[in-house]
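Engineer: with the input below, show me the fold.
(one chain, ligands or ions: 2)
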Amino acid sequence: MPESYPWESGTSRRNKLHVLDLTSPQLEDLIQSWGYRKSHSRKLFGFIHRYGMNLPLAFKASQLPKGLWHRLFHDDQIAMDPVSAWTAEESCDSSTKYAFELKSGGTVEGVFMPFEHRNTLCISSQVGCAMGCTFCATGSMGFHRHLSAGEMVSQVVRMRAQHPDPKGWPRRFNVVFMGMGEPLHNIEQVMKAVDVLTDDAGLNLTARDIAVSTSGLVPRIQQLAEYPNRPQLMVSIAATTDKARSQIMPVNRAYPLAELRQCLGNYPLRKREKIMLSYVLISDVNDKLADADRLAELASEFPSVVNLIPMNEHEASPGMLEPHGDRVQLFYDRLIQKGAFATIRRSRGRDVAGACGQLVQTLSKGNRIARTHI
Ligand code: SAH
Ligand code: SF4
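Structural biologist: Residues are numbered from 1 along each chain as shown. Ligands and ions are numbered 1, 2, ... in the order given. So this is what the prediction gives:
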């Protein structure tokens, strides 16, 4: 829990209280201060989060006092929705890329990916990114600003509500902080969003349903380890020598591989938990068998699974190409032979530029299915 509530500090964005920033006990304190019963709060919190910000519908269904909704909608100290408009684009692999225009400035993207037993929602944590990885389209935008917890939560509630399960409601889903931005650069707001998403009055996810991916900010990984409600940890490796990694991931100049390995070796894992290591495979940059050998060695130092992501090509990284022929398979086979656990991740949403590393502040042409003003 934060030490002070946003409405006490008086310093929240544009001095408004953003409802999606609040956990249910915080919402409870707020509506009690307006004279409403505590019991209304859990119900209100659940409706706001499950109806995906379709507030008129939530209002009708909730049977909560009209005055309470009226105050929420009309009090100019209260902001209900951080999103001003959104656009969706469907991919031929049935994932959907969303662009959310934010009232506080900028556009961020989220990707909805349906799988057989559960859906995965990939969300952004920043507008742009400060880390400047040379293979990543978001990195080419530079850093614009951190998102607030509510701006992250709103991506989840909206995408989830857009895709109800035809067989029934609710459907299991997980959330990955793998969209635009470096989540651990914005760790306080990311962890606040995790607290809201795991609140049992709302979407009620568990920390294991959520994963945070980092480029390797060592002090922030150590900070993450201190949170009891910490999500699963994913680390982007991309190269196995300091020379190569510093060239494509500038963060390595501040936190070289030896420090990162030591930090991951000491990271407190729960029972059966593993650290996921993402490795973007780029033709003639990091796809040799000697790279696989070094990666397998690194992966053996703590419980881990390596996720190989063949490079998703885009205009911001000319000359960085997906390995050709059977190079990806050979790399994978070598990892397995050396005793690593590994998977190959064929990114979803490539045709709508919604795959890993392709998220920038524009939408690709075509396939656009909706632009909704709120
Ligand atoms: N900033 C965090 C979270 C974003 S996740 C991080 O880097 O971990 C983005 C993931 O996509 C990372 O694992 C990154 O290595 C990978 N990635 C970035 N650009 C890519 C590209 N062009 N093709 C494939 N994967 C890419
Ligand atoms: Fe930022 Fe991650 Fe892209 Fe690197 S890969 S620029 S850390 S979003």
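Engineer: so who does the residue of the stretch 151-300 of the chain found nearest ligand 2 touch?
Structural biologist: Going by C-beta to the nearest ligand atom, ligand 2 is nearest to Ser215 of the stretch 151-300 of the chain, at 3.6 Å. C-beta coordinates here come from the backbone N, C-alpha and C atoms, glycine included. Ser215 sits next to Met131, Cys133, Glu182, Val235, Ser236, Met249, Val251 when contact means C-beta atoms under 8 Å, 6 or more residues apart in numbering.
Engineer: what sits against the residue lying closest to Gly179 once chain neighbours are set aside?
Structural biologist: Once flanking residues are discounted, Gly179 sits nearest to Ser124: 3.5 Å by C-beta to C-beta, 6 or more residues apart in numbering. Listed by C-beta under 8 Å, 6+ apart, the contact partners of Ser124 are Val108, Glu109, Gly110, Leu147, Met152, Gln155, Gly179, Met180, Gly181, Leu359.
Engineer: try Phe302
Structural biologist: Leu264, Gly265, Tyr267, Leu269, Ile275 are the contacts of Phe302 under C-beta under 8 Å, 6+ apart.
Engineer: could you work out the most separated pair of these?
Structural biologist: Across the contacts of Phe302, no pair lies farther apart than Gly265 and Leu269, at 10.6 Å, counting by C-beta to C-beta.
Engineer: which one of the two is surrounded by more residues?
Structural biologist: Leu269 (15 against 10; other C-beta atoms under 10 Å).
Engineer: quick check: pLDDT value at Pro170.
Structural biologist: What the model reports for Pro170 is a pLDDT of 57.
Engineer: for the closest residue to Asp293 other than its chain neighbours, give its distance to Pro310.
Structural biologist: Leaving out its chain neighbours, the residue that sits closest to Asp293 by C-beta to C-beta, 6+ apart is Lys338, at 6.2 Å. For Lys338, the distance to Pro310 equals 20 Å [C-beta to C-beta, to the nearest Å].
Engineer: quick one: which of these two has more around it?
Structural biologist: Pro310 (23 against 17).
Engineer: the more buried one against Leu281, yeah?
Structural biologist: Yes. Contact criterion C-beta atoms under 8 Å: Pro310 and Leu281 qualify, at 5.2 Å.
Engineer: where do the contact lists of these two overlap?
Structural biologist: In terms of C-beta under 8 Å, 6+ apart, Pro310 and Leu281 are both contacted by the residues Glu322, Pro323, Val328.
Engineer: show the model's pLDDT score for the first one.
Structural biologist: In this prediction, Glu322 carries a pLDDT score of 96.
Engineer: I figured it hits Met311, correct?
Structural biologist: Yes. Using C-beta under 8 Å, Glu322 is in contact with Met311, at 4.6 Å.
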